[in-house]
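Visitor: Build the 3D model from these lines:
(one chain, ligands or ions: 1)
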Amino acid sequence: MARTAPFAKMNGIGNEIIVADMRGRADRVTPAAALALNADAATKFDQIMAIHDARTPGTAFFIDILNSDGTGAQACGNGMRCVVQALAAETGQKTFAFETVAGILNAEEHADGLISVDMGTPRFGWQDIPLAEEFRDTRMIELQVGPIDAPVLHSPSVVSMGNPHAIFWVDRDIWSYELDRFGPLLENHPIFPERANITIARVTSPETMVIRTWERGAGLTKACGTAACAAVVAAARTRRTGRSVSLVTPGGGSLHVEWRGDDHVILTGAAEWEFSGSFDPATGAWARDTESAA
Ligand SMILES: N[C@H](CCC[C@H](N)C(=O)O)C(=O)O
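Guide: Predicted structure coming up:
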C-alpha cells in the first residue's frame with residue numbers, strides 16, 4: 001500500500017470536490033483511486049483536485065484535476081475555490097498562484113470568505129475547443145438533439161475555458177429538459193473529439209442567468225464553475241447579457257462571473273469544508289480523521 005495522503009471532502013456551491021494533499025511526493029492520484037472513491041457514497045465526488053509541489057517558478061502549487069470517471073480535466077473553477085479555502089485555512093495566506101495543465105491561475109480569498117479565481121482567457125477557435133470540423137463562427141454551431149424538424153436543443157455556442165464547453169440557450173424552465181438523457185449523447189457527440197461539458201442556460205436579465213450542466217466525465221452536477229464562465233462569455237458574445245453576470249446553479253448556489261476588459265474571466269463564489277481524512281492515492285482506500293479527543 002502506498003503512503004496515505006491527507007484529503008478534505010469539500011464542495012463549491014454543491015459541486016462535490018475532494019482536495020487531495022499530494023505535496024512532497026512524486027506519485028499521482030490514479031484513475032483507479034478516483035473510481036473507488038466515487039463508488040463510496042461518503043466520498044462520491046465530481047472532481048479531485050490534487051495539490052502537488054510547484055513545477056514552475058512563480059507558482060505555489062501544481063494542481064492535477066481528475067473527473068469522477070477517472071479521466072483528467074484541464075480546468076475546474078469550483079474545485080479551485082475549494083483548494084484556495086483549504087490552503088488559506090492552513091497557511092493564513094489569501095492570494096495564490098497555481099499551475100494546471102491549462103496554464104497559470106491566480107486566486108484570492110476575500111475578507112467575507114468568498115473566493116475569486118482568475119480562470120484565464122476564453123478561446124473561440126474551432127481547433128481550440130476542439131471541434132472535429134471547421135466552424136468559422138463558434139457563437140452558434142449546427143448541432144441539435146430531438147426530432148429533426150422540432151429539435152429539443154439546438155445551435156449551441158461553443159467555447160474553451162481550458163476545457164470544452166457547449167452552451168444551449170433555452171427560453172423555458174431549465175428543469176423541463178431531460179439533460180440526463182441528452183447530456184451523454186452530446187458529451188460524446190463526434191463533433192467534440194475531446195468530448196464536452198454540456199450546459200443549458202436561460203438568460204433572465206442582462207445581469208442574471210440560470211444554468212444546468214452535464215459535465216464531461218462526471219455527469220449531472222449541482223454546479224460547474226467553468227460552465228458558468230463559458231455561459232457568461234458566450235452570452236456576452238451573442239449580446240444576450242453584459243459582461244458581469246450572476247448565475248443560479250442547480251444546487252441553489254450562486255456564482256458571479258466577470259469577463260474583464262483584459263479578456264480574463266473572474267469566477268467568484270463560496271466553498272465549504274465537509275470532513276477530512278486520509279487515502280491511498282493508488283487504490284482509493286480511505287479513512288475519516290477521528291475527531292481530536294475532548
Ligand atoms: N466542475 C468543474 C468543471 C470540471 C470540468 C470537467 N468535467 C471537464 O472539463 O472534464 C468546474 O467547476 O469548473
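Visitor: The residue sitting nearest the centre point of the chain and the ligand: what is the separation?
Guide: Nearest to the geometric centre of the chain sits residue 76, at 3.2 Å (C-alpha atoms, centre = their mean). Note on residue 76: its distance to the ligand, by C-beta to the nearest ligand atom, to the nearest Å, is 4 Å. In short, each C-beta sits where N, CA and C put it, glycine included.
Visitor: Over to residue 224?
Guide: 4 Å.
Visitor: Look at the nearest residue to that residue once chain neighbours are set aside and report its pLDDT.
Guide: Leaving aside its sequence neighbours, residue 224 sits nearest to residue 213 (C-beta to C-beta, 6 or more residues apart in numbering; 3.9 Å). Residue 213 is assigned 98 on the pLDDT scale.
Visitor: who does residue 213 bridge with?
Guide: Counting by DSSP bridges, residue 213 is bridged to residue 199.
Visitor: Pull the contacting residues for it.
Guide: Contact analysis of residue 213 by C-beta atoms under 8 Å, 6 or more residues apart in numbering lists 197-200, 220-221, 223-224, 227.
Visitor: Can I have the buried ones of those residues as a PyMOL selection?
Guide: Those of these that count as buried under 16 or more other C-beta atoms under 10 Å are selected in PyMOL with:
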select buried, resi 197+198+199+200+221+223+224+227
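Visitor: As TSV, the contacts of residue 213 with distance to residue 52 and pLDDT would be great.
Guide: Output for the contacts of residue 213, formatted as TSV (distance: C-beta to C-beta, whole Å; pLDDT from 0 to 100):
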residue	distance to residue 52	pLDDT
197	24	98
198	29	98
199	29	98
200	34	98
220	29	97
221	24	96
223	25	95
224	23	97
227	25	98
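Visitor: got a markdown table for the contacts of residue 213, with distance to residue 243 too?
Guide: Below are those laid out as a markdown table (distance: C-beta to C-beta, whole Å):
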| residue | distance to residue 243 |
| --- | --- |
| 197 | 21 |
| 198 | 23 |
| 199 | 18 |
| 200 | 21 |
| 220 | 28 |
| 221 | 25 |
| 223 | 21 |
| 224 | 20 |
| 227 | 17 |
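Visitor: Max pairwise distance over the contacts of residue 213: which two?
Guide: 198 and 223 (14.5 Å; C-beta to C-beta).
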